[in-house]
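Chemist: Return atomic coordinates for the entry below.
(2 chains)
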Amino acid sequence: MKRIVELTINGEARDMAVEACCSLLDALRDDVGLTGTKKGCDVGDCGACTVLVDGEPVNACLMLAVEAEGRSIETVEGLQPSVDTLHPLQDAFMQHGASQCGFCTPGILMMAKKLLADNPRPTDEDIRFGLSGNICRCTGYTKIFDAIKSAAREMEAARS
Amino acid sequence: MRRFEYHRAETLEHASRLLAELGEDTFLFNGGTDLLVEIRERLRRVRHVVDIKQIPGLSDITYDETRGLTFGALVTVGRLERLALVRQRYPNLRAAFASLGSIQVRNRATVVGNVCRASPSADTIPPLIADGAFVHIYSRTNMRVVPLAEFFTGPGKSVLAKGEIVTGITVPPALDNSGKAYLKHGRRKAMELSTVGVAVSLTMEDGLCNDIRIALGAVGATVLRAPEAEAMLRGTALDAATIKNAANKAMEECTPISNVRASADYRRDMVGVLTGRAIKQALEAFA
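Modeler: Just a heads-up that it's a prediction; the model follows:
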């Protein structure tokens, strides 16, 4: 039996019809059609499916869609401020080549957004701790760190 | 994912009744970070899950100098990890919380869930046992309070009867003359299960140790105390030689197995190393 779940996705009121055993990840990808959020391991190890729920990063694979009732979900599709503008993190990831196969990128972008919201000037150690639940098998992380630090500087300059 | 029915409990009484009535393959659903993985990897047969997250009154965190720290069943690991009080007064708990899974997992996983899962390698259990924590258990006929050290009966097993629900945990107050540490040993620093975890909580008076509890994780069927090692340390100044002897005794007191993460011999060696280090780290509170 499907249930109707009312929630906010990227600032927009939505509803989705889901089975009780459907994960938030599957609901976002298959019912809502937002395939930016990736399914890597599906058991909470890789972080590819990281989304923000009421502002806090969680693995969308480890949350049931029915639990999202009344919650506000942010996915990578909501990161761009407008259709033709990139978020500073997205821009920096492109500039620094921080994305290779790209499968981990949506999750890392969402995690980095939260990291910079809490800590606008993170050290390497802060980034390492912040991204410890996001696995990248291509880049070796160095370019990801560079991109996040560069975006942090951009965002700080834009604020002042 | 294998199909199951989802039930949202309104009250503890409701949840307890559902657990009793829906039959064997019914499980409480809290953070879900273990249960959903077990369902997906077919490690556990689940027909019904009972979500307790809408039950009122289980999300509180309180602290006072006589009763200590009490948190409800719905309090996430991440919430406690970020709490200034935990950082300042319970560095052992803070170390355990910050080493569990990832930030994403800790935003969903609860400490009570980690405890009830009753894994011998659970990170939160050794420091809670070393601190003398106890669990509050609801049933439809009465409430009972059980010391955490007496809660576990085997790997994945506890004293909880069908229909009983852990509503929260109380950790005794962090005294000014106390020192605490939790050291986790794994193959990597993050997203790792403990190969060995050692917690030490001690109090000093006039330069002598008047109480100490050592709890050893992932080296037995449940998290173990090391009573003989503790006895060797009580009443001493915790000098290097005494610590060394006690750490050797802790190696004798643990009962590790060999598995995919480490051999029994290696785990036993690490108990010796980490027990010594944890005592020294706990003593840094007095430096």
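
Chemist: Return the residues in contact with residue 16.
Modeler: Looking at chain A here, since you left the chain open. Residues near residue A:16 by C-beta atoms under 8 Å, 6 or more residues apart in numbering or on different chains: A:4-5, A:7, A:27, A:31-32, A:65. Bear in mind the C-beta positions are built from the backbone N, C-alpha and C, glycine included.

Chemist: that's the wrong chain, I meant chain B
Modeler: B:138-140, B:163-165.

Chemist: of those, list those near chain A.
Modeler: With the criterion set as C-beta under 8 Å from any C-beta of the partner chain, no member of the contacts of residue B:16 is near chain A.

Chemist: Let's have those in TSV, adding secondary structure and pLDDT.
Modeler: Putting the contacts of residue B:16 into TSV (DSSP: H, G, I helix; E, B strand; the rest coil; pLDDT from 0 to 100) gives the following:
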residue	secondary structure	pLDDT
B:138	strand	98
B:139	coil	97
B:140	coil	95
B:163	coil	94
B:164	coil	97
B:165	strand	98
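
Chemist: does residue A:148 count as helix, strand or coil?
Modeler: helix (DSSP: H, G, I helix; E, B strand; the rest coil).

Chemist: Quick check: closest non-adjacent residue to it.
Modeler: Closest residue to residue A:148 in three dimensions, ignoring its sequence neighbours and counting by C-beta to C-beta, 6 or more residues apart in numbering or on different chains: residue A:112, at 5.0 Å.

Chemist: Model confidence at whichever residue of the stretch 151-287 of chain B sits closest to chain A, what's the number?
Modeler: At 3.4 Å from chain A, residue B:190 is the closest residue in the stretch 151-287 of chain B, using C-beta to the nearest C-beta. Residue B:190 is assigned 85 on the pLDDT scale.

Chemist: about what we covered before: restricted to buried residues, select the contacts of residue B:16 in PyMOL.
Modeler: To isolate the buried subset of those in PyMOL, counting by 16 or more other C-beta atoms under 10 Å in any protein chain shown, use the following:
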select buried, chain B and resi 138+139+163+164+165
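
Chemist: Tell me the one among the contacts of residue B:16 nearest to residue B:120.
Modeler: residue B:164 (21.2 Å; C-beta to C-beta).

Chemist: measure stretch B:212-230 end to end?
Modeler: 6 Å (C-alpha to C-alpha, to the nearest Å).

Chemist: Can you list phi and psi of residue B:3 for me?
Modeler: phi -70, psi 140 (degrees, to the nearest 10).

Chemist: For residue 144, grab phi and psi.
Modeler: Unless you meant another one, I'm taking chain A. According to degrees, to the nearest 10, residue A:144 has phi -70, psi -40.

Chemist: Sorry, I should have been clearer: chain B.
Modeler: phi -140, psi 160.

Chemist: Also residue B:140?
Modeler: phi -70, psi -10.

Chemist: Quick check: it vs chain A, distance?
Modeler: Distance, residue B:140 to chain A, using C-beta to the nearest C-beta, to the nearest Å: 25 Å.

Chemist: hmm, back to that, how about the residue nearest to residue A:148, what does it touch?
Modeler: Per C-beta under 8 Å, 6+ apart, neighbours of residue A:112: A:89, A:130-131, A:148, A:151.

Chemist: do residue A:41 as well
Modeler: A:48, A:61.

Chemist: next one: the one 4 residues further on
Modeler: Residues in contact with residue A:45 (C-beta under 8 Å, 6+ apart) are A:135, B:191.

Chemist: for chain B, what spans make up the strands?
Modeler: Along chain B, counting by DSSP state E, strands occupy B:5-8, B:26-29, B:48-51, B:61-64, B:68-72, B:134-138, B:143-147, B:152-154, B:157-158, B:165-171, B:178-185, B:196-205, B:208-217, B:224-225.

Chemist: Then chain A?
Modeler: Using DSSP E, the strands of chain A run over A:2-9, A:12-19, A:50-53, A:56-59, A:72-74.

Chemist: ok so, going back, I'd like the distance between the residue nearest to residue A:148 and chain B.
Modeler: 12 Å.

Chemist: What of residue A:11?
Modeler: In terms of C-beta to the nearest C-beta, residue A:11 sits 21 Å off from chain B.

Chemist: Number of residues surrounding that residue?
Modeler: Counted by other C-beta atoms under 10 Å in any protein chain shown, the residues lying close to residue A:11 total 9.

Chemist: And for the one 3 residues further on?
Modeler: Residue A:14 is surrounded by 15 other residues when neighbours are defined as other C-beta under 10 Å.

Chemist: Please tell me the pLDDT value assigned to it.
Modeler: 96.

Chemist: ok, now how distant is the closest residue to it other than its chain neighbours from residue A:58?
Modeler: The shortest distance from residue A:14 to any non-neighbouring residue, by C-beta to C-beta, 6+ apart, is to residue A:7 (6.1 Å). Remark: distance between residue A:7 and residue A:58 (C-beta to C-beta, to the nearest Å) = 14 Å.
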